[in-house]
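> only the shape, not the letters, is given here:
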């Protein structure tokens, strides 16, 4: 079973681009480990011969019509949630050196 330790939490923090305060790291590790224990219990269930109760192919989700909208406030609303913006563009970290 996977166990969340300081090193793995640091890696998850980097991948998710989160900043977890030092005083909260221990609590978050405990909560993530409890979640993983719960998932491990689910993996022990014997589901042999149990048919799925829902298949998306048989019951597709209803979709809204895909209609273009010319609303000039949409780009502003999207960019308002970005950590870094410059001249109406997202600023992202360099990943290729």
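Now that the structure is in, tell me what you want to look at. The structure presented is a predicted model; accordingly, all values stated were derived computationally and were not measured.
> quick one, strands of the chain?
85-86, 89-90 (DSSP state E).
> burial check on residue 36, number of neighbours?
14 (other Cβ atoms under 10 Å). All C-beta spots, glycine's among them, are computed from the backbone N, C-alpha and C.
> could you do the one 4 residues further on as well?
By other Cβ under 10 Å, the residues close to residue 40 number 11.
> which residues touch it?
Contacts for residue 40 (Cβ atoms under 8 Å, 6 or more residues apart in numbering) come out as residue 1.
> buried sites along stretch 15-28?
For stretch 15-28, burial by neighbour count (16 or more other Cβ atoms under 10 Å) applies to residue 28.
> just to revisit the earlier point, dump the strands of the chain to JSON lines, plus mean neighbour count and mean pLDDT.
Output for the strands of the chain, formatted as JSON lines (neighbours: other Cβ atoms under 10 Å; pLDDT from 0 to 100):
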{"stretch": "strand 85-86", "mean neighbour count": "11", "mean pLDDT": "93"}
{"stretch": "strand 89-90", "mean neighbour count": "10", "mean pLDDT": "92"}
